[in-house]
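Undergrad: Give the three-dimensional model of this entry:
(one chain, ligands or ions: 1)
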Amino acid sequence: MEPGVSGTLLMLSGSVFTKQCQPVPQALVDVWQADDSGQYDNAGYRLRGHVLSDQSGRYQIETIVPGLYPGRTRHIHVKVQAPSGPALTTQLYFPGEARNNSDGIFNKAMLLPITDGPNGKQATFNFVLNVA
Ligand code: FE
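TA: Below is the predicted model of the structure:
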């Protein structure tokens, strides 16, 4: 999130875990998405950014609900990587979207549990990486 971006605020938070449910500190959580009108900023890279998980494996990202663009359902791109580990590249989806039924790469395992938050929407999503 940065000044001048319009849309519905979305607070996305959660944890990064190993397959044994151990927290992954310093995991890279890299996200990119379309703006409220379905446009990607491929010049200034607005609405692209990354955070590192904390010592408990927790991350928090402040963004907006992405807009729709032709051919896809609503989604946020994400890449999650443990330090020196393999990257998980996937997308997060939104419940109740008509296009979830027609988007060929939609994955219900990646549905965000969206609820109303104090200033917009919020969701908690945990990632499990293929690391010991
Ligand atoms: Fe996309």
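
Undergrad: what's in contact with the longest strand along the chain?
TA: Longest among the strand segments of the chain by residue count, using DSSP state E, is strand 9-17. Applying Cβ atoms under 8 Å, 6 or more residues apart in numbering, the contact partners of strand 9-17 are 1, 23-24, 27, 29, 31, 53, 56-65, 76, 80, 82, 92, 112, 114, 117, 119-129. Glycine gets a C-beta too; all of them are placed from N, C-alpha and C.

Undergrad: Show me which of these are buried.
TA: 23-24, 27, 29, 31, 53, 57-59, 61, 63-65, 76, 80, 82, 92, 112, 114, 121-123, 125, 127, 129 (16 or more other Cβ atoms under 10 Å).

Undergrad: Filter these down to the ones in helices?
TA: Within those, no residue falls in helices by DSSP state H.

Undergrad: Of the residues you listed, which belong to strands?
TA: Per DSSP E, the buried ones among the contacts of strand 9-17 map to strands at 29, 31, 58-59, 61, 63-64, 76, 80, 92, 121-123, 127.

Undergrad: These into TSV, with extra columns for pLDDT and distance to G14?
TA: Formatted as TSV, these follow (pLDDT from 0 to 100; distance: Cβ to Cβ, whole Å):
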residue	pLDDT	distance to G14
V29	98	9
V31	98	12
R58	98	7
Y59	98	6
I61	98	9
T63	98	14
I64	98	18
I76	98	13
V80	98	10
L92	98	10
K121	98	14
Q122	98	11
A123	98	8
F127	98	7
